[in-house]
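Q: No sequence on hand, only this structure:
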């Protein structure tokens, strides 16, 4: 029988994950060694393998932890009181824009940073990315359907398809923002989003 992780053990694991997220959001996955993460976290190297069987397993746990927090934030945004669903969705996109700065994302843009890099390197990390992004898209699809039902937005097509297209739009815009070092791709994404949702 698997014993539950103690509070102290859980704290060390969380510290390693949070430190790794901050560093890898800036440098990527392959460029960061375990020594750098553990030294920054103040955790002995031997402790790493107590929590993670490999760097890939660490990467999977890192992404799962990131998406768990991301989806909780998304649920909170899509449940904001006193707003229409259209207003909640636009709040989400504004938060995306604010958190995906090309200067410093402080760990908030991990999926954008790692997606292209690790998808071909690690099946377990690719699967974690797929689980996480599917969770985002399904929530957006439900929110769009709710917005249509309440009359705060109008779309041409199925809400789930619209949600996927919008997520892809913003993911691409996030990459382009890093390339051109300008927020202009986000401005275009916001305009296109308003057009798609008839706002």
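A: Right, received. Where do you want to start? Quantities reported herein were computed from a predicted structural model and do not represent experimental measurements.
Q: Is the residue nearest the centre of the chain within a helix or a strand, and which one?
A: By Cα atoms, centre = their mean, the chain has its centre lying nearest to residue 111, at 4.7 Å. Taking DSSP states H and E as the criterion, residue 111 maps to helix 110-118.
Q: Flag every buried residue along the next helix or strand after that helix.
A: Using DSSP H and E, the helix or strand that follows helix 110-118 in sequence is helix 123-150. Applying a neighbour-count criterion of 16 or more other Cβ atoms under 10 Å, the buried positions in helix 123-150 are 125-126, 128-129, 132-133, 135-137, 139-141, 143-148. The C-beta positions use only the backbone N, C-alpha and C, and glycine is treated the same way.
Q: tell me what helix 123-150 is packed against?
A: helix 55-78, helix 85-99, helix 110-118, helix 159-180 (3 or more Cβ pairs under 8 Å, 6 or more residues apart in numbering; DSSP states H and E).
Q: between the shortest one and helix 123-150, how big is the angle?
A: Same thing as helix 110-118. Here the directions of helix 110-118 and helix 123-150 differ by 140 degrees (axes from the mean of the first three to the mean of the last three Cα atoms, to 10 degrees).
Q: Quick check: which helices or strands does helix 110-118 pack against?
A: For helix 110-118, the elements it packs on are helix 7-27, helix 55-78, helix 123-150, helix 159-180, judged by 3+ Cβ pairs under 8 Å, 6+ apart.
Q: What is the neighbour count of residue 33?
A: Other residues within reach of residue 33, judged by other Cβ atoms under 10 Å, total 11.
Q: Please report how far it lies from residue 166.
A: Remark: distance between residue 33 and residue 166 (Cβ to Cβ, to the nearest Å) = 36 Å.
Q: same thing with residue 153?
A: Distance, residue 153 to residue 166, using Cβ to Cβ: 12 Å.
Q: list the residues that contact both of those two?
A: With contacts taken as Cβ atoms under 8 Å, 6 or more residues apart in numbering, not a single residue reaches both residue 153 and residue 166.
Q: What are the contacting residues of the worst-scoring helix or strand of the chain on mean pLDDT?
A: Least confident helix or strand of the chain, by mean pLDDT, DSSP states H and E, is helix 110-118 with a mean of 77. Residues from elsewhere that reach helix 110-118 (Cβ under 8 Å, 6+ apart): 21, 24-26, 28-30, 59, 62-63, 66-67, 70, 100, 105, 125-126, 129, 132-133, 171, 174-175, 178.
Q: Let me see the confidence value for residue 105.
A: Predicted confidence (pLDDT) for residue 105: 53.
Q: same check, this time on residue 159
A: Residue 159 carries a pLDDT value of 97.
Q: wait, it sits on residue 149?
A: No: the criterion here is Cβ atoms under 8 Å, and residue 159 misses it with residue 149 at 9.7 Å.
Q: No further questions, thank you.
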